[in-house]
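> Below is the structure, and that's it, no one-letter string:
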């Protein structure tokens, strides 16, 4: 542990990553507001079923963060908390491992999280298409109602207007066709969702910190007592698993990407620890 400098300033790779992320965040805001160009659509990660999917997105999505909301409001919290965690944990891990190994770890966790999230998303979308085909064979307004509530949480008024009209006119060919279009449109929303952010890599860093410094006490916002790193990591992982399995409507957080980053982080630390006599 000769290179461990827990109170050192910002380490080289962490500094570079911070700069790249902030620059890309600013560029995304300027592009959206001044030129009406959506950089998230180009560099954010899409599911393989989406026409906007590109292989480069498994790398570039890590450097993009929520920038401008659908209401035109600048988003700040996403990048702030990710970069704060990168600064807090990343500089310590880079001091322990060195810059090259830290960068490898960061990229493996981030890319791995994106790949596994695509796998999970692919199966989810495949299931949605199966539901759609079953719906087309036996269209029913009540099935559409449950599907819309599960996937959207609070569908727009026009969706409810179609469903209500269909219930009152169950044999109407017009409402049946409109129902099919709504079902398919909801699936399209799921297919074309964009994943941005360094969270997969950040959760990998969190796991690594918990494994290397399990008894270090962390002070978490809104929690009045310190929590040991190992318990914090385990608790966070359980929470992400619960939220991912629950798949609540309107939840736009890629929980399985977080879990995937944690998984890759855990496996890589174990691998390095097993195949090197001097891990630090």
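Everything's here; your move. The shown structure was predicted, so the numbers you read here are calculated from the model rather than taken from an experiment.

> List phi and psi for residue 204.
As for residue 204, its main-chain torsions (degrees, to the nearest 10) stand at phi -60, psi -40.

> Surely it is in contact with residue 110?
Yes. Contact criterion Cβ atoms under 8 Å: residue 204 and residue 110 qualify, at 7.4 Å. Backbone N, C-alpha and C define where each C-beta goes, glycine included.

> So between these two, which is more surrounded?
residue 204 (32 against 28; other Cβ atoms under 10 Å).

> list the residues that contact both of residue 204 and residue 110?
Taking Cβ atoms under 8 Å, 6 or more residues apart in numbering as the contact rule, residue 204 and residue 110 both touch residue 261.

> all helices for the stretch 151-280 of the chain, in order.
157-168, 173-191, 199-212, 229-246, 255-275 (DSSP state H, counting those that start in this stretch).

> give me the number of residues near the closest residue to residue 226 other than its chain neighbours?
The shortest distance from residue 226 to any non-neighbouring residue, by Cβ to Cβ, 6 or more residues apart in numbering, is to residue 217 (3.7 Å). Residue 217 has 12 neighbouring residues, counting by other Cβ under 10 Å.

> Enumerate every residue touching residue 217.
Residues near residue 217 by Cβ under 8 Å, 6+ apart: 226-229.

> Look up how far residue 205 lies from it.
For residue 217, the distance to residue 205 (Cβ to Cβ, to the nearest Å) stands at 18 Å.

> now residue 84
Taken as Cβ to Cβ, the span from residue 84 to residue 205 is 12 Å.

> Those two: who's more crowded?
The neighbour comparison of residue 84 against residue 205 (other Cβ under 10 Å) goes to residue 205, with 27 against 11.

> hang on, the more buried one packs against residue 91?
No. With contacts defined as Cβ under 8 Å, residue 205 does not count as touching residue 91, sitting 10.2 Å away.

> The nearest residue to residue 232 once chain neighbours are set aside bridge partners, please.
Excluding the flanking residues, the one nearest residue 232 by Cβ to Cβ, 6+ apart is residue 218, at 5.5 Å. Per DSSP bridges, the residues bridged to residue 218 are residue 227.

> how about residue 218, what does it touch?
Neighbouring residues of residue 218 by Cβ under 8 Å, 6+ apart: 226-229, 232.

> ok, so of these, who is nearest residue 191?
Ranked by distance to residue 191 (Cβ to Cβ), these are led by residue 232 at 34.8 Å.

> What is the neighbour count of that closest one?
Neighbours of residue 232 under the rule other Cβ under 10 Å: 20.

> ok, it touching residue 213?
No. Contact between residue 232 and residue 213 fails when scored by Cβ under 8 Å: they sit 11.1 Å apart.

> circling back: buried ones only from the contacts of residue 218, please, as a ChimeraX command.
Those of those that count as buried under 16 or more other Cβ atoms under 10 Å are selected in ChimeraX with:
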select :229,232
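
> Mind putting the contacts of residue 218 into CSV with distance to residue 119 and pLDDT?
Output for these, formatted as CSV (distance: Cβ to Cβ, whole Å; pLDDT from 0 to 100):
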residue, distance to residue 119, pLDDT
226, 37, 82
227, 32, 81
228, 33, 87
229, 29, 82
232, 27, 80
